[in-house]
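> this is a predicted model, with the sequence first.
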Amino acid sequence: MGSIQVSRGTRDILPEEVIYWQHVEATARELLHQAAYRELRTPIFEQTNLFERGIGEATDVVGKEMYTFKDRGDRSITLRPEGTAGAVRAYIEHKLYAQGGVQRLWYIGPMFRYERPQAGRQRQFHQIGVESLGSTDPRADAEVIAIASQLLQALGVPQWTLSLNSLGTAADRQQYRDALVNYLNQYKTDLDPDSQDRLQRNPLRILDSKDPKTKEIAQTAPNILDYLGEDSKQHFDRVQQLLTDLDIAYQLNPCLVRGLDYYTHTAFEFELDGLGNQATVCGGGRYDRLVAELGGPETPAVGWAIGMERLILLLQDAQITLNQSLDFYCVARGAAAEAQALLICQNLRKQGFSVEMDLSGSAFGKQLKRADRSGAVACLILGETEACDRTVQLKWLTSGEQESLSQNDLNTQADQLQTRMVAARSKLST
RNA sequence: GCGGGCGUAGCCAAGUGGUUAAGGCAGUGGAUUGUGGUUCCACCAUUCGUGGGUUCGAGUCCCAUCGUCCGCCCCA
């Protein structure tokens, strides 16, 4: 009789890994706060037509990857496959545009796509995203890109590349699309089957194909940058200039195409080394038409989303080690000492320390062994001396130094202890 | 949705049709050790992802199914 397991493409995040998630979340929160972005929380499911209209009915995400179902009231509901549509819906519904100026929003949470799972690709996955709504200024593009770059840096990601492209306006893109299809039709039979299929449906994606022959053909295809209108070109030039001023390295990639229909003008991707085919950890761009298309006022916008699973995989692989901080591990020898331990631990916690008490009741040597492995900064040893009086041994696991303290000292010298704890911890981290 | 690899305890694994499923790490209990992780002993898979089938006999062969990993597709 088999036991029940998590469903395909979902997984549990166990305590050792949760530390990484918390680290990423805390870092992002701090950074986004500094950049004056405010958190927005939208529902995990929405009406299906929000995504159909927002993302585009022809996209693969909408066409074959959504978790769509009827609820008991016969409404068509979809588990959100991405965050932008919901954010924009909320922006319109609550008339955030009425506040004037630019709305800088960010979100974090689970997204759902019915895909074949792989490392770094789950059916329930998590994204952090930002949306800057209300400005056509190229500085808005640069700002969001800079934030993504800063976040990767703050997290200690060792190496990444930023690819940049411009898709221009819808009109620019249509012109380019015609030219591209025209060009590709000459080589139609040489294209791989997937790409032949995409010729009608989504020709721009052919540029991104992995088939060698198709790649070769794509090499000499028309370049989208040559099809940008004057305004589009100016905008894109300005974005590049600003990134250079910010000392953010990027490479132009005219083959970079976003998979969601709402993108216009600037499109970008951050790729991490060492994640195989799931290298794209952050993707985004400008979407000047989406707010209007979802029934709001004409509102330019730009944003991105980061895939948390991929990011965290990399942090773990890069051996950026994190531990849940623990100040004291308390062991006791003998019944009298054990009885005191609980109270001592409680008092230390009142003073703001984190304290773990050994509950095993096993041999003293084993308790000490556990203390060493606990990750605590110091070990508190009770009842080690014959006269199990009011003294405890305090052993600093970071240095091996040991001292004798009275239980009273633990209470009265809390401040001093706190200072030493901080010092020991900082020595540990360097 | 398509193609391929893999699935033996918490982890790493031996095992390739024949009696009771090696070993290591971790874990648990005990002995020993008096200022600290030593040493020793015991315990730790009626069962090999799950379900069928072939066979006198299957972890080992076959089928299905589930999961996972790699590639495609797609995307963050």
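Alright, I've got the coordinates.

> now the residue of chain A found nearest RNA strand B, nearest residue through space, not along the chain?
Closest residue of chain A to RNA strand B, C-beta to the nearest atom of the strand: residue A:259 (1.8 Å). All C-beta atoms are positioned from the backbone trio N, CA, C, and that covers glycine. Sequence neighbours aside, residue A:59 is the residue nearest to residue A:259 in space, at 6.3 Å (criterion: C-beta to C-beta, 6 or more residues apart in numbering).

> how close does that neighbour get to residue A:349?
Distance, residue A:59 to residue A:349, by C-beta to C-beta, to the nearest Å: 52 Å.

> between the two, which is the more surrounded one?
Comparing residue A:59 with residue A:349 by other C-beta atoms under 10 Å, the one with more neighbours is residue A:59, at 20 against 13.

> dump the residue contacts of the more buried one.
The contact partners of residue A:59, taken as C-beta atoms under 8 Å, 6 or more residues apart in numbering, are A:259, A:260, A:261.

> part of a helix, is the second one?
Which is residue A:260. No - assigned with DSSP: H, G, I helix; E, B strand; the rest coil, residue A:260 falls outside any helix and is coil.

> how deep is the closest residue to it other than its chain neighbours tucked in, by neighbour count?
Spatially, and ignoring its direct neighbours in sequence, residue A:260 is nearest to residue A:55 (5.1 Å; C-beta to C-beta, 6+ apart). By other C-beta under 10 Å, the residues close to residue A:55 number 23.

> cool, residue A:236 as well?
When neighbours are counted by other C-beta under 10 Å, residue A:236 registers 23.

> number of residues surrounding the closest residue to residue A:56 other than its chain neighbours?
In this structure, residue A:56 finds its nearest non-sequential neighbour in residue A:261, 2.9 Å apart by C-beta to C-beta, 6+ apart. By other C-beta under 10 Å, 21 other residues sit near residue A:261.

> any idea of the pLDDT on residue A:261?
Residue A:261 is assigned 79 on the pLDDT scale.

> now the helix or strand hosting residue A:162: average pLDDT?
Using DSSP states H and E, residue A:162 sits within strand A:160-166. Confidence for strand A:160-166, expressed as mean pLDDT, is 95.

> and it, what does it pack onto?
Counting contacts by 3 or more C-beta pairs under 8 Å, 6 or more residues apart in numbering; DSSP states H and E, strand A:160-166 packs against helix A:138-154, helix A:230-245, strand A:251-252, strand A:264-272.

> next one: the shortest one to chain centre, how far?
Offset of strand A:251-252 from its chain centre (C-alpha atoms, centre = their mean, to the nearest Å): 23 Å.

> who does it pair with, and is each partner parallel or antiparallel?
Strand pairing for strand A:251-252, using DSSP bridges, gives strand A:160-166 (parallel).

> for the partner strand, which positions count as buried?
Neighbour counts over strand A:160-166 (16 or more other C-beta atoms under 10 Å) mark A:160, A:162, A:163, A:164, A:165, A:166 as buried.

> bridged to the second one, which residues?
Bridge pairing for residue A:162 (DSSP bridges) gives the partners residue A:270.

> ok, it touching residue A:253?
No - checked against C-beta atoms under 8 Å, the pair residue A:162 and residue A:253 is beyond contact range at 9.6 Å.

> and stretch A:19-35, C-alpha only, in CSV?
These are the backbone C-alpha positions of stretch A:19-35, laid out as CSV (Å, rounded to 0.1, in the frame of the first residue of the first chain):
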residue,chain,number,x,y,z
ILE,A,19,16.2,29.5,5.2
TYR,A,20,17.2,30.3,1.6
TRP,A,21,13.7,31.4,0.8
GLN,A,22,13.5,33.7,3.8
HIS,A,23,16.9,35.2,2.8
VAL,A,24,15.8,35.9,-0.7
GLU,A,25,12.5,37.3,0.5
ALA,A,26,14.1,39.5,3.2
THR,A,27,16.7,40.8,0.8
ALA,A,28,14.1,41.6,-1.8
ARG,A,29,11.8,43.3,0.7
GLU,A,30,14.5,45.5,1.9
LEU,A,31,15.7,46.5,-1.5
LEU,A,32,12.3,47.2,-2.9
HIS,A,33,11.4,49.2,0.1
GLN,A,34,14.5,51.3,-0.5
ALA,A,35,13.4,51.8,-4.1
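
> tell me who's in contact with residue A:293.
A:53, A:54, A:262.

> okay, and for chain A, where does confidence drop off?
A:1-2, A:319, A:361-362, A:384-390, A:428-430 (pLDDT under 70).

> care to break it down by domain?
Domain assignment of chain A by automatic domain parsing yields the ranges A:15-168+A:228-317, A:326-429.

> just send those back as CSV, with distance to residue A:183 too.
CSV is the format used below for the domains of chain A (distance: least, C-beta to C-beta, whole Å):
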stretch, distance to residue A:183
domain A:15-168+A:228-317, 13
domain A:326-429, 56
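
> enumerate the residues of the stretch 151-300 of chain A near RNA strand B.
A:194, A:198, A:202, A:205, A:208-211, A:258-260, A:269, A:276-278, A:280-284 (C-beta under 7 Å from any atom of the strand).

> which among those end up buried?
A:198, A:202, A:205, A:208-209, A:211, A:258-260, A:269, A:278, A:281-284.

> just give me the residue closest to the centre of chain A.
For chain A, residue A:308 is the residue whose C-alpha lies nearest the centre (C-alpha atoms, centre = their mean; 3.3 Å).

> which phi and psi does that one have?
According to degrees, to the nearest 10, the main-chain angles of residue A:308 amount to phi -70, psi -40.

> can you give me the helices for the stretch 201-350 of chain A?
A:212-219, A:230-245, A:290-293, A:308-317, A:335-350 (DSSP state H, counting those that start in this stretch).

> the shortest one: how far from the chain's middle?
Yep, that's helix A:290-293 we're talking about. On C-alpha atoms, centre = their mean, the centre of helix A:290-293 falls 26 Å from that of its chain.
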